[in-house]
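Q: here is my input, please return the structure:
(4 chains)
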Protein chains: 2
Amino acid sequence: MSSASGPTDFPRPDLLPERLAEWISGEIVAGRFPPGERLVEHALSKRCNVSRVPLREALRIVAAQGLLILEPHRGAVVTPLSESELRELFDLRMAIEGFAAASAARQQPAAAFAALRRMNADLDELIQAEDYERYYALAAEFHDALVAAAQNGLLVETYNRVKIRFRRYQAVLANIPHLPPRSVAEHTRILAAMEAGDADGARALVEAHIRDLVDAYGQSDAGRRFFDQAS
Amino acid sequence: MSSASGPTDFPRPDLLPERLAEWISGEIVAGRFPPGERLVEHALSKRCNVSRVPLREALRIVAAQGLLILEPHRGAVVTPLSESELRELFDLRMAIEGFAAASAARQQPAAAFAALRRMNADLDELIQAEDYERYYALAAEFHDALVAAAQNGLLVETYNRVKIRFRRYQAVLANIPHLPPRSVAEHTRILAAMEAGDADGARALVEAHIRDLVDAYGQSDAGRRFFDQAS
DNA sequence: AATTTAATATTGTTAGACAATTAGTCAATT
DNA sequence: AATTGACTAATTGTCTAACAATATTAAATT
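A: Okay, here's the model as predicted:
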């Protein structure tokens, strides 16, 4: 009877605010702390067997990630989801991943290109096997590796910030099984452009690739339902 | 004798960790907390007339901005400056401002374009008047407005994070008086491309514009000195 | 001089307290 | 009945004081 979605317990103290923040962040991304929920310090600190001091620091960390809003004298509220934020997140993915592809096309990092090729081959196999769960996990890694290929730590850091916020929408919208085959073909073209040193072409292809993701989300059932209720 | 660069006092309590963070952040950007300096909690809290609790939260905020590194059991250390970070910051500016220009070229926000044109005209006048101080202030606003023209709050937020870290290098490297006239001409071309709806052209021009800034920094005396000592 | 040992300082956390602010309750008034 | 208003409870924000764990520094020893 008790539903399977009740909040998880905080694993175990080796008590750092960082660990608390990771846990809180995870609960929010997974939707167990739903949008709009207030996190009350005393209750949370008791549940985690910590005092309010490190918990408050943890809340600061999570707020800096954009998952919480700290209102004066009102405490921490889980940031709401919105179609506009999702649009902006996709925009940022275009800016970051597009720039990364162009940058990599200029730098020609051989090892990174090889890794990307291998990943894309594995993605193709996962489609044949219809193993969509692992497909989406590896697809995320492919995009990570694309950003990493630009060899810019700050760009990676920025991308990670976007990713954390983006994952909340993935959790709500689930994945779209029709998309993968097309994605692999697009990855192939992106890689070809990068290896050919065509920075502008690679960027355009990456932006188009992400635009395809946007469309797929918008056309999926979950996506339409979410977008409708939000408006 | 006593140099003019001794740390300033914390203005006045209306004590929020946010105020403390703003102050600390300002001291770091201005170089009064120099790179590598350790911020000791007890001493700082006494100087600001606050307890360690809100101070520690302030340190978390500043650390999230990338200006401090919190090492376990060793406390807060002011993030060092490096040529590599500066390069990465310029890269991010290219990615963000370039994307913003392309995005604005597609959206055609009339008000934003008008504001940009006005600013650029004012910049031209400030050159004639050889008022470089105000020139650099307004030039920064021009770039802010360019990013804002993309109408994406997250992009602005991301840009602001880059700006905070970038300002530390501006404080060290000072400004380059030879650059401005060329910049105004480049702004004009960027605006023309945006208003013509030429997204790719606008982005290319913005990237080239920022690359010019990079070169100017590298060729300035202060820049060479900084880069030499760093390597 | 180099290494080990002891003393000191600093961080990380806890507990309990309190003022300031907000949220919730319930009666009085319109 | 609904709205207002005062009262109460709950929550945040801050402080002090303390302590264990870890780092840093100084002294002592080899």
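Q: okay, CA-based contacts and neighbour counts for the rest of this
A: Fine.
Q: does stretch A:31-51 reach DNA strand D?
A: Yes: using CA under 7 Å from any atom of the strand, stretch A:31-51 comes into contact with DNA strand D via A:38, A:39, A:40, A:41, A:42.
Q: buried only: go through those residues for me.
A: A:38, A:39, A:41 (16 or more other CA atoms under 10 Å in any protein chain shown).
Q: ok so residue A:151 is a helix residue?
A: No: counting by DSSP: H, G, I helix; E, B strand; the rest coil, residue A:151 is not found in a helix; it is coil.
Q: for the residue nearest to it when sequence neighbours are not counted, which three-state class applies?
A: Leaving out its chain neighbours, the residue that sits closest to residue A:151 by CA to CA, 6 or more residues apart in numbering or on different chains is residue A:104, at 7.9 Å. Assigned with three-state DSSP, residue A:104 falls in the helix class.
Q: of the buried ones among the residues of stretch A:31-51 next to DNA strand D, which is the nearest to residue B:191?
A: Among these, residue A:38 lies closest to residue B:191 (CA to CA), at 45.1 Å.
Q: got a list of what the closest one touches?
A: By CA atoms under 8 Å, 6 or more residues apart in numbering or on different chains, the residues touching residue A:38 are A:75, A:76, A:77, A:78.
Q: quick check: the third one is in a strand.
A: Yes: counting by three-state DSSP, residue A:77 falls inside a strand.
Q: and for it, the neighbour number?
A: Number of residues near residue A:77 (other CA atoms under 10 Å in any protein chain shown) recorded here: 21.
Q: please apply the same query to residue A:66.
A: When counting by other CA under 10 Å, one arrives at 16 neighbours for residue A:66.
Q: show me what contacts it?
A: The contact partners of residue A:66, taken as CA under 8 Å, 6+ apart, are A:79, A:165.
Q: all helices for chain A, in order.
A: Here chain A has its helices, by DSSP state H, at A:17-29, A:41-48, A:52-64, A:83-107, A:110-128, A:132-148, A:153-173, A:180-195, A:199-219, A:221-230.
Q: for residue B:51, find the nearest of the ones you listed.
A: Comparison of these against residue B:51 by CA to CA identifies helix A:52-64 as nearest, at 12.1 Å.
Q: please identify the buried residues of that closest one?
A: A:54, A:55, A:56, A:57, A:58, A:59, A:60, A:61, A:62, A:63, A:64.
Q: closest to residue B:86 out of those residues?
A: Of all those, residue A:64 has the smallest distance to residue B:86: 22.8 Å, by CA to CA.
Q: the closest one contacts residue B:61, doesn't it?
A: Yes: at 7.3 Å, residue A:64 counts as touching residue B:61 under the criterion of CA atoms under 8 Å.
Q: just to revisit the earlier point, and the furthest pair within the contacts of residue A:38?
A: Greatest spatial distance in the contacts of residue A:38: A:75 and A:78, 10.1 Å, computed using CA to CA.
Q: ok, now how distant is the most centrally placed residue in chain A from residue A:211?
A: Centroid-nearest residue in chain A: residue A:163, 2.8 Å away (criterion: CA atoms, centre = their mean). According to CA to CA, to the nearest Å, residue A:163 stands 16 Å off from residue A:211.
Q: please apply the same query to residue A:93.
A: According to CA to CA, residue A:93 and residue A:211 sit 10 Å apart.
Q: close to DNA strand D: what parts of chain A are there?
A: So chain A meets DNA strand D at A:38-42, A:53, A:70-76 (CA under 7 Å from any atom of the strand).
Q: let's see 10 Å
A: Contact residues, chain A versus DNA strand D (CA under 10 Å from any atom of the strand): A:14, A:38-45, A:51-53, A:56, A:59-60, A:70-77.
Q: buried stuff in stretch A:134-141?
A: Neighbour-count burial for stretch A:134-141, counted by 16+ other CA under 10 Å, picks out A:135, A:136, A:138, A:139.
Q: would JSON lines of those with pLDDT and distance to residue B:114 be doable?
A: Listed next are the buried residues of stretch A:134-141 as JSON lines, based on pLDDT from 0 to 100; distance: CA to CA, whole Å:
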{"residue": "A:135", "pLDDT": "93", "distance to residue B:114": "47"}
{"residue": "A:136", "pLDDT": "92", "distance to residue B:114": "44"}
{"residue": "A:138", "pLDDT": "96", "distance to residue B:114": "45"}
{"residue": "A:139", "pLDDT": "95", "distance to residue B:114": "42"}
